[in-house]
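>>> just coords:
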């Protein structure tokens, strides 16, 4: 389910958070879907359970997942906010790249023509 890049400079727990957010944005994970237990995800990914716990804690703090004692961990009903936030972050990255290209002397018109050709 989750793809990890063990050679990346991005910490594994952050990769897990990003992948889950991405799956929500793509509609693969939907509200009320049950998540694997920390232990099961750690086994599936071949990583330390503490790493998964850290990712789940971040996701809980973002109100993306919610743990119900004895029931499990579920995707919350905040999926629209997750998608909107992901879109905003990606747009900001694009704006930063456009600014970098403009500093190199490339006009916005030229950038748009190259991007959308």
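All right, it came through fine. A quick note: this is a predicted structure, and the numbers were derived from the prediction, not measured.

>>> Surely residue 66 is in a strand?
Yes. Residue 66 forms part of a strand when assessed by DSSP: H, G, I helix; E, B strand; the rest coil.

>>> which residues touch the most centrally placed residue in the chain?
Centroid-nearest residue in the chain: residue 18, 2.1 Å away (criterion: Cα atoms, centre = their mean). Listed by Cβ atoms under 8 Å, 6 or more residues apart in numbering, the contact set of residue 18 reads residue 10. Placement of C-beta: from N, CA and C, glycine included.

>>> Nearest spatial neighbour of residue 53, chain-adjacent residues omitted?
If the residues on either side of it in the chain are set aside, residue 53 comes closest to residue 38, at 5.2 Å by Cβ to Cβ, 6 or more residues apart in numbering.

>>> what's near enough to touch that neighbour?
So residue 38 contacts 49, 52, 53, 56 (Cβ under 8 Å, 6+ apart).

>>> same deal with residue 83?
Residue 83 touches 24, 25, counting by Cβ under 8 Å, 6+ apart.

>>> And for the one 3 residues further on?
Contact criterion Cβ under 8 Å, 6+ apart gives 21, 22, 25 as the residues in contact with residue 86.

>>> Among those residues, which one has the most neighbours?
Counting neighbours by other Cβ atoms under 10 Å, residue 21 comes out on top of the contacts of residue 86 with 20 neighbours.

>>> how close does it sit to residue 111?
Relative to residue 111, residue 21 is positioned 27 Å away (Cβ to Cβ, to the nearest Å).

>>> Same check on residue 18?
As defined by Cβ to Cβ, residue 18 lies at a distance of 26 Å from residue 111.

>>> Equivalent analysis for residue 99, please.
Distance, residue 99 to residue 111, using Cβ to Cβ: 10 Å.

>>> of the two, who's got more company?
Shown here are residue 99 and residue 111; by other Cβ under 10 Å, residue 111 has more neighbours (14 against 9).

>>> need the helices for this protein, in chain order.
Along the chain, counting by DSSP state H, helices occupy 12-25, 38-45, 49-61, 79-103, 108-115.

>>> Quick one: closest of those to residue 31.
With Cβ to Cβ as the criterion, residue 31 lies closest to helix 79-103 of these, at 5.1 Å.
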